[in-house]
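> build me a model:
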Amino acid sequence: MTENLLDVSARIFVGVDTHKDTHHVALIDHLGRDLDDREFASTAAGVTELIAWITAAGAVERVGVEGTGSYGSTLATALHNADVEVVDVDRPDRRSRRAQGKSDPVDARSAARAALTGKATTTPKAHDGNVEAIRFLHNARHSCVKSRAEAITQLKSMIVNAPDSIRTELRDLTDAVLLATCRGFAPATHRVLTLDEAVQNALRTIAIRIDSLTTEERDLAKHIEALVAEHAPQLLARFGIGVDTAAQLLITVGDNPDRITTEAAFAHLCGVAPIQASSGRTHRHRLNRGGDRQANRALYIIALVRLRSDERTKRYRDRRLAEGKTPREIMRCLKRAIAREVFGLLAHPQHG
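As a prediction, this is how the structure comes out:
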């Protein structure tokens, strides 16, 4: 009996408040009592020192880390490689911060208690595989697409307000011819420009930027397609799932899909599982507005493609319409069914 008590008393729970330059670590025992806290650099050497310190303090039961998708991603990976159980901890809400105050030690102890009580149970994403590579490329491509769209809008807006001679020349051109014409304007050769020269120089600069962003976006898209085809060919083999939607669903799940244990959990992650909203004699469910909205958008796009081109999906829509369902309700049902299908594919990967 004494040995069991000693074993229990030696268990410690760890909380980490992560930042760009430092990580603040707090230790508590199995009863939630504060043991110690300390700050470490967020460098590789600091992470190594952190892991050595907590493992020397006792038997580490669980580590709660804030920000495993940002400042704490490297630490979470290092802890996982050291065979330490890690859970993702949400940052304290405003009500808790008003009651407890805000400091790094307070946040670290709060993370440790979340790991102790089971309030934090989410296994963080791994950031060390093909999906992480896809995520970086995907984010870079998204930035290119957004910047290109803004540049095109800016170019056309400038033409509307340009001097009449320039506006007349460019107003009725197609997009491709417009860009080529603007690129063809002579570059500025002196510092002080006339109005027409300044407008032409501005249009030329933006047109060149649009071409550069287009080239970057296409290059990134090729790399994403190759990685998705290598990592998850089973997704691309399904009707309506393209490279973009497959990439987003992979990013949502991460490099360790086994962290999501049921298709219901995956549906909640994607925001397509209905939420109970019953009270008294009223029994109903409402739309889930949580979850990963980009994953929800990917499921929506898949459903749209299938509604337009897949006969089986069209028959399902017609049957549900005959039953009195609205198009919006049918879309929700389709997204839920697609989430179930995608989870089965991600749970049994078939790398190319």
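> so what does residue 71 look like in phi/psi?
Per-residue torsions, residue 71: phi -70, psi -30 (degrees, to the nearest 10).
> hmm, it is touching residue 21, no?
No. Here residue 71 lies out of contact with residue 21, judged by Cβ atoms under 8 Å, at a distance of 9.1 Å. All C-beta atoms are positioned from the backbone trio N, CA, C, and that covers glycine.
> what touches both of those two?
Taking Cβ atoms under 8 Å, 6 or more residues apart in numbering as the criterion, residue 71 and residue 21 both touch residue 42.
> what about residue 62, is that helix, strand or coil?
strand (DSSP: H, G, I helix; E, B strand; the rest coil).
> ok, it touching residue 115?
Yes. The pair residue 62 / residue 115 is scored as a contact, 4.4 Å apart, by Cβ under 8 Å.
> need the residues touching each of those two.
By Cβ under 8 Å, 6+ apart, the residues touching both residue 62 and residue 115 are 13, 14, 87.
> picking that back up, residue 62 and residue 115: who's more crowded?
For the pair residue 62 and residue 115, the greater number of neighbours falls to residue 115 (24 against 20), based on other Cβ atoms under 10 Å.
> confirm for me that that one is in contact with residue 89.
Yes. Residue 115 is within contact range of residue 89, at 6.9 Å (criterion: Cβ under 8 Å).
> return every residue with contacts to both of these two.
Residues touching both residue 115 and residue 89 (Cβ under 8 Å, 6+ apart) are 15, 64.
> return the distance of the closest residue to residue 239 other than its chain neighbours relative to residue 341.
Excluding the flanking residues, the one nearest residue 239 by Cβ to Cβ, 6 or more residues apart in numbering is residue 310, at 5.7 Å. Distance, residue 310 to residue 341, using Cβ to Cβ, to the nearest Å: 12 Å.
> contacting residues around the helix or strand encompassing residue 46?
Element membership for residue 46, per DSSP states H and E: helix 44-57. Here helix 44-57 makes contact (Cβ under 8 Å, 6+ apart) with 12, 14, 16, 22-23, 25, 27, 35-36, 38, 40-41, 60, 63, 74-75, 78-79, 82, 84.
> the stretch 151-300 of the chain: strands as residue ranges?
Taking DSSP state E, counting those that start in this stretch to define them, one finds strands in the stretch 151-300 of the chain at 275-276, 285-286.
> any chance of JSON lines for those strands, columns distance to residue 195 and mean neighbour count?
Below are these laid out as JSON lines (distance: least, Cβ to Cβ, whole Å; neighbours: other Cβ atoms under 10 Å):
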{"stretch": "strand 275-276", "distance to residue 195": "59", "mean neighbour count": "10"}
{"stretch": "strand 285-286", "distance to residue 195": "58", "mean neighbour count": "11"}
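> domain assignment for the protein?
2-117, 130-231, 234-347 (automatic domain parsing).
> could you point out which of these sits nearest residue 124?
Closest of the domains of the chain to residue 124 is domain 2-117, at 3.6 Å (criterion: Cβ to Cβ).
> per-residue pLDDT, the residue nearest to residue 239?
We have a pLDDT of 95 for residue 310.
> my guess is it meets residue 240, correct?
Yes. At 6.6 Å, residue 310 and residue 240 qualify as touching, with contact defined as Cβ under 8 Å.
> how many neighbours does residue 325 have?
15.
> residue 296 versus the nearest residue to it once chain neighbours are set aside, what's the distance?
Closest residue in space to residue 325, ignoring its immediate chain neighbours: residue 333 at 7.5 Å, by Cβ to Cβ, 6+ apart. Applying Cβ to Cβ, the value for residue 333 to residue 296 is 14 Å.
> from the contact counts, what lies against the longest helix seen in the chain?
Longest helix in the chain by number of residues, with DSSP state H as the criterion: helix 195-231. Here helix 195-231 touches helix 130-160, helix 164-170, helix 175-183, helix 233-236, helix 243-253, going by 3 or more Cβ pairs under 8 Å, 6 or more residues apart in numbering; DSSP states H and E.
> and the ones you listed: which comes nearest residue 209?
That would be helix 130-160 among the helices and strands packed on helix 195-231, by Cβ to Cβ, at 5.4 Å.
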